[in-house]
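Asks: Can you look at this prediction? I've put the sequence above it.
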Amino acid sequence: MPELPEVETLKRALTPLVLNKRLLKLRFLRKDLRFSIPLSKLREGLLNQTVSRITRKGKYILMHVPDGALLIHLGMSGRVIQTSSMKPMKKHTHAVFKFEPDVYLHYVDPRRFGCLLWVPKGQTHPLLEGLGPDPLGEEIAATEMKLVAKKCSKASIKSFLMNAKRISGVGNIYACEVLFAARVSPKKPARKINSVQWGLILSTLRDILQKSIVAGGTTLRDFYNTDGSQGYYKLNLTVYDREDKPCPVCTKPIKRIVQSARSTFYCKICQK
DNA sequence: AAAACTACCTGAGTGC
DNA sequence: TGCACTCAGGTAGTTT
């Protein structure tokens, strides 16, 4: 997926294409993704309406129109591509949007873990409620995080970082990368992280995410920008998907373990 | 209450 | 080539 940098990259790519533009056509090729798509609500709310704003919270994108917003999530394999017609170009194209004058956006998602939903004006959405602070938004206070983590009896720092209720938008790749950069073991209980370490983790997180956005997002299998170009952050990955390869710092082999049913990559020597 | 596990899908990669 | 198998960037809902 699409981790946070990819979603932010998508938001930035979409903005000049659709901001202050009217949606002229809307076509759905299926009625359900992860959740059923509210077809008639989306048609009613979006058709012939002008996009006033595009925002992001964690990995969710909101495309605002007068009566509400289109809520987009890319799940694990989703992407949005720009083409020159309503005709689906890719297998697993589930929705096509035509904006004035001639911008065609195709929502493609093979695994269908993503979603397209409607948020009425003045309301929020259950999926957005309870999301923790966005790591690229207002600075998260280390003291605040330490306090929240204190209440976690057992959760490892890796699981903590990936829990959207704590901090929104941190996926598996960046959780691994940040902990390596901050020299913190992924196995360390979140409640044992001191404020200095929290400060380091949070500033490193912001730094890595920002650098990745500048590079255009991490491209693994499924992410492409709306114009089909790929991101380049993958080249900078230090530990993720590098089991048995040398640690860039100490050259000892990178370890792979499983935490909460997800692969974690780290250096036993460098991360304490 | 918190944390771990399961399920939702398709496709890429591996080994036979 | 093909089959069987494993694994994958997310996360809501269920179970422990």
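Replies: The structure has been received and is ready for your questions.
Asks: Every contact and neighbour count from this point should use C-alpha atoms.
Replies: Fine.
Asks: Which residue ranges make up the domains of chain A?
Replies: A:4-120, A:142-266 (automatic domain parsing).
Asks: right, so of those, which gets closest to DNA strand C?
Replies: domain A:142-266 (2.8 Å; CA to the nearest atom of the strand).
Asks: Now do the closest one: distance from first to last residue.
Replies: Start-to-end span of domain A:142-266 (CA to CA, to the nearest Å) is 23 Å.
Asks: can you pull the buried residues of the helix or strand where residue A:12 lies?
Replies: Residue A:12 is part of helix A:4-18 when elements are defined by DSSP states H and E. By neighbour count with 16 or more other CA atoms under 10 Å, helix A:4-18 contains the buried residues A:4, A:5, A:6, A:7, A:8, A:9, A:10, A:11, A:14, A:15, A:17, A:18.
Asks: could you dump the domains of chain A to a markdown table with mean pLDDT and distance to DNA strand B?
Replies: A markdown table is the format used below for the domains of chain A (pLDDT from 0 to 100; distance: least, CA to the nearest atom of the strand, whole Å):
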| stretch | mean pLDDT | distance to DNA strand B |
| --- | --- | --- |
| domain A:4-120 | 96 | 4 |
| domain A:142-266 | 88 | 3 |
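Asks: Quick one: closest of these to residue A:131.
Replies: Of all the domains of chain A, it is domain A:142-266 that lies closest to residue A:131, at 4.7 Å by CA to CA.
Asks: what number of residues lie near the residue nearest to residue A:95 when sequence neighbours are not counted?
Replies: Nearest non-adjacent residue to residue A:95, counting by CA to CA, 6 or more residues apart in numbering: residue A:28, 4.3 Å away. Residue A:28 has 16 neighbouring residues, counting by other CA atoms under 10 Å.
Asks: and residue A:28, what is it in contact with?
Replies: Contacts for residue A:28 (CA atoms under 8 Å, 6 or more residues apart in numbering) come out as A:39, A:94, A:95, A:96.
Asks: Most neighbours among those residues, please name it.
Replies: Ranking the contacts of residue A:28 using other CA under 10 Å puts residue A:96 first, with 24 neighbours.
Asks: what packs against the helix holding residue A:12?
Replies: strand A:53-57, strand A:60-65, helix A:195-214 (3 or more CA pairs under 8 Å, 6 or more residues apart in numbering; DSSP states H and E).
Asks: Give the partner strands of the helix or strand just after the second one in its sheet and their orientations.
Replies: Looking back up the chat, that one is strand A:60-65. Once strand A:60-65 ends, the next helix or strand along the chain (criterion: DSSP H and E) is strand A:68-73. Sheet pairing here is set by DSSP bridges, and for strand A:68-73 it gives strand A:60-65 (antiparallel), strand A:115-120 (antiparallel).
Asks: With mean neighbour count and distance to residue A:106 as extra columns, can I get these in a markdown table?
Replies: Converted to a markdown table, those look like this (neighbours: other CA atoms under 10 Å; distance: least, CA to CA, whole Å):
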| stretch | mean neighbour count | distance to residue A:106 |
| --- | --- | --- |
| strand A:60-65 | 22 | 15 |
| strand A:115-120 | 22 | 12 |
